[in-house]
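Chemist: predicted model and sequence below, questions to follow.
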Amino acid sequence: MTGAVSDSRIGQETALAARQFRTAYAAQRAWEGRAYEAAELDVLPYLTSGPLARQWSVRARSYDALVREVFRPATASRDKLLSILDLGAGCGWLCRRAALAGHTALALDVRDDCVDGLGAAAHYLKDNRSMFARVVASFDVLPLAPRQFDVAIFNASIHYALDLGAAVLEAARVVRPGGQLVILDSPFYADEADGAAMVAEKRRNAASRYGERAQTLMAPPFVEFLTAARLAAVPGIDLVWRRHRVRYPVWYEARPMVARLHGRRQPSRFDLWECLVP
């Protein structure tokens, strides 16, 4: 039939695009200096030196809030250690921290490269292969049985979802009733327009930022950012999200004021968002 495209062809093209993105993304991360040395992996998220220390000073505050606001209360209320799913785990630093605290953790990521994908977690597992498990998969469709985790954490990752609703529903599916979903270190905007402006800026600057990888890296239609309204609009499940405002370094907290002084759009915030799964 002239002009028809088979489902299998579409599937092959989608799979190819996904592989190309993962390859380009790993190369970009390596270029940005994210292929961490062993000594750096051992201290994450508390990296205090090097060109990425400033970014990690923000992520360390987010992690401290996660421990304080989620892990400790959840452990106390259940009177047991937790089963944790790390969605977008990267090199697995959060799973390692959770495992060292006695929790059971599973690291899931679409990338298995050794830059800062799941392949880099081999460093943590060399002396203890059972410290945490690894699964290579997209969190849009989780290859996991339902209701097996106490906490599922989107770890600086949910803005890479292709479908926000599907990602949230899948995470909720594998969490036990009364368990928690957590969003950590993803960009939230108070105003949808500021998020849209960020995306437009990113696309305008893609060539200078990513070079020859720009087209591949910008191709997937990711969520890119979140708002409270976007979360509230997820269909199919009744979730009440709670925001825990994190006290970030002074330079980070000053960004809105600097933006106003220069007539720029308001920047995103990370903070910590969590909800109970019914």
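Modeler: Arrived safely, thanks for sending. Bear in mind the structure is a predicted one, so any value in this text is a computation, not a measurement.
Chemist: number of residues surrounding residue 208?
Modeler: Counted with other C-beta atoms under 10 Å, the neighbours of residue 208 add up to 8. Every residue, glycine included, has its C-beta placed from N, CA and C.
Chemist: so what's it up against?
Modeler: With contact set as C-beta atoms under 8 Å, 6 or more residues apart in numbering, residue 208 has no partners.
Chemist: per-residue pLDDT, it?
Modeler: As predicted, residue 208 sits at a pLDDT of 97.
Chemist: how close does it get to residue 214?
Modeler: When C-beta to C-beta, to the nearest Å is applied, the distance between residue 208 and residue 214 equals 8 Å.
Chemist: now swap in residue 233 and tell me
Modeler: Distance from residue 233 to residue 214, counting by C-beta to C-beta: 31 Å.
Chemist: ok, these two, which is more surrounded?
Modeler: residue 214 (17 against 10).
Chemist: my read: residue 65 touches residue 246, true?
Modeler: Yes - in this structure, residue 65 is within contact of residue 246 by C-beta atoms under 8 Å, at 4.6 Å.
Chemist: pull up the overlap in contacts between those two.
Modeler: The contact lists of residue 65 and residue 246 share 271, 272, where a contact means C-beta under 8 Å, 6+ apart.
Chemist: all strands of the stretch 51-200 of the chain, in order?
Modeler: Taking DSSP state E, counting those that start in this stretch as the criterion, the stretch 51-200 of the chain contains strands spanning 83-87, 104-109, 133-136, 149-155, 175-184.
Chemist: which parts of the host helix or strand of residue 273 are buried?
Modeler: Element membership of residue 273, judged by DSSP states H and E, is strand 272-276. Neighbour-count burial for strand 272-276, counted by 16 or more other C-beta atoms under 10 Å, picks out 272, 273, 274, 275.
Chemist: distance check, the first one against residue 170.
Modeler: As for residue 272, its distance to residue 170 is 20 Å (criterion: C-beta to C-beta).
Chemist: show me the shaky parts of this protein.
Modeler: Within the chain, the stretches falling below the threshold (pLDDT under 70) are 1-14.
Chemist: may I have the distance across stretch 237-256, first residue to last?
Modeler: Using C-alpha to C-alpha, to the nearest Å, one end of stretch 237-256 lies 33 Å from the other.
Chemist: got the contact list for it?
Modeler: Under C-beta under 8 Å, 6+ apart, the answer for stretch 237-256 is 54, 57-58, 61-62, 65, 69, 168-169, 172, 181, 228, 231-232, 266-267, 270-278.
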